[in-house]
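Participant: coordinates for the following, if possible.
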Amino acid sequence: MPSLKEIVPAARNDINTKFIVLEKGGITTERGQNKVCLGLVADETASVHFQFWNEECDAFQPGDIVRLSNGIFSYNANKSLVLRAGKRGTIEKVGEFTMVFAESPNMSEILWVQDPNKSGNYIQESIISPHSRVFPPMV
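Facilitator: Sure, this is the predicted structure:
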């Protein structure tokens, strides 16, 4: 099972990983029909913004440990880089409160560019912020 620090943007539903939900933002409606909320999730290597859809918004809370199967790490409608289950993936609660995690680096706060040596692959160009700008760390 790959760690969050190993994920890269791709248009493939092939991410299988486990993480803890650290924070969740408010629920909004996208295109007048789908409920959407953004969360901050982490494992022992990194954190990332996670996009919850519809019933997922209410089903998962901070402290939940979640397994993602066939997820996707790509840009959402707001041009933000997020991890999500997508249409082909699933998320399920597998525990709560007992997981070691790291909030930095935040994989959604990295500037990714196309790999000049491999078409369709992305590589890290620079770090926009070492932590989430959406969910800033408490000082």
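Participant: near residue 14, how many other residues are there?
Facilitator: By the criterion of other C-beta atoms under 10 Å, residue 14 has 14 neighbours. (Each C-beta comes from the backbone N, C-alpha and C, glycine too.)
Participant: excluding chain neighbours, what is closest to it?
Facilitator: Nearest in space to residue 14, with sequence neighbours left out and distances taken as C-beta to C-beta, 6 or more residues apart in numbering, is residue 70 at 6.7 Å.
Participant: isn't that neighbour right next to residue 15, touching?
Facilitator: Yes. Using C-beta atoms under 8 Å, residue 70 makes contact with residue 15 at a distance of 7.3 Å.
Participant: the residue nearest to residue 14: which element?
Facilitator: Assigned by DSSP states H and E, residue 70 belongs to strand 64-75.
Participant: repeat for residue 57
Facilitator: Using DSSP H and E, residue 57 falls in helix 55-59.
Participant: which elements pack onto that helix?
Facilitator: Packing partners of helix 55-59 (3 or more C-beta pairs under 8 Å, 6 or more residues apart in numbering; DSSP states H and E): strand 34-42.
Participant: quick check: residue 87 vs residue 67, distance?
Facilitator: 18 Å (C-beta to C-beta, to the nearest Å).
Participant: have a look at these two and say which one is more surrounded.
Facilitator: Set residue 87 next to residue 67 and count neighbours by other C-beta under 10 Å: residue 67 wins out with 16 against 9.
Participant: that one contacts residue 95, correct?
Facilitator: No. Look at residue 67 against residue 95 with C-beta under 8 Å: they stay out of range, at 9.2 Å.
Participant: quick one: find the helix or strand in this structure with the lowest mean pLDDT.
Facilitator: When the helices and strands of the chain are scored by mean pLDDT, DSSP states H and E, strand 28-30 comes last with a mean of 73.
Participant: and the spatially most distant residue from the centre of the chain, what is it in contact with?
Facilitator: Distance from the C-alpha centroid of the chain peaks at residue 117, with 26.2 Å (C-alpha atoms, centre = their mean). Applying C-beta atoms under 8 Å, 6 or more residues apart in numbering, we find residue 117 in contact with no residue.
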